[in-house]
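> okay, here's the prediction I keep looking at, along with the sequence it came from:
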Amino acid sequence: MAKLSPGLRSFLNGAEPGATIQCLLMLDTRNERTPRGREHREEALKLRKSRAASLVKKIDEVLLMHGGRRLSQEVDPFGNLRLETSAHALNTLAEADYVECIVEIAPIR
C-alpha cells in the first residue's frame, strides 16, 4: 500500500498477533470549501479543525474494533494524529480515503 511507509510495510509483513506500533497518521483535512490565501488562513484552520474532529470519530471506531489508542488528544494544525495500534488497524486506516499516509514514529525493532 502506497500510504504506508517502508518501515510500516515491513512491520505488517512480520507482525505477530497483538503487536502494536506507534505511528503518525497524516489526514486529508482539506475541504472543497476551504478558502485559500493568507487573508483566509484563520477561517481555513477552523474548517480543517472541524473536518479533523469528524475524522477522529471514524479513527476511534477503527481503533476500538482492531485495537489501539490515540497518543495525541486531537489532530494538530497540519492534520496529523499520533497513534499506537495494531497491524489490522493500520491496514484498515490505510484503505480509508481520509488518510494521506502513515509513518512510524519509533524505529521498528
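It's in.
> so what's the most centrally placed residue in the chain up against?
Centroid check for the chain by Cα atoms, centre = their mean gives residue 25 as the closest residue, at 2.4 Å. Residue 25 sits next to 59, 80, 81, 82, 83, 93, 99, 102 when contact means Cβ atoms under 8 Å, 6 or more residues apart in numbering. In this view, the C-beta of every residue, glycine as well, is placed from N, C-alpha and C.
> let's have the residues you listed in JSON lines, adding pLDDT, secondary structure and distance to residue 48.
Below are the contacts of residue 25 laid out as JSON lines (pLDDT from 0 to 100; DSSP: H, G, I helix; E, B strand; the rest coil; distance: Cβ to Cβ, whole Å):
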{"residue": "59", "pLDDT": "95", "secondary structure": "helix", "distance to residue 48": "15"}
{"residue": "80", "pLDDT": "90", "secondary structure": "strand", "distance to residue 48": "12"}
{"residue": "81", "pLDDT": "94", "secondary structure": "strand", "distance to residue 48": "13"}
{"residue": "82", "pLDDT": "95", "secondary structure": "strand", "distance to residue 48": "17"}
{"residue": "83", "pLDDT": "94", "secondary structure": "strand", "distance to residue 48": "19"}
{"residue": "93", "pLDDT": "93", "secondary structure": "helix", "distance to residue 48": "19"}
{"residue": "99", "pLDDT": "93", "secondary structure": "strand", "distance to residue 48": "15"}
{"residue": "102", "pLDDT": "92", "secondary structure": "strand", "distance to residue 48": "19"}
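> possible to save those as TSV with distance to residue 29 and neighbour count?
Converted to TSV, the contacts of residue 25 look like this (distance: Cβ to Cβ, whole Å; neighbours: other Cβ atoms under 10 Å):
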residue	distance to residue 29	neighbour count
59	12	24
80	10	16
81	10	21
82	15	16
83	16	23
93	15	24
99	11	22
102	15	20
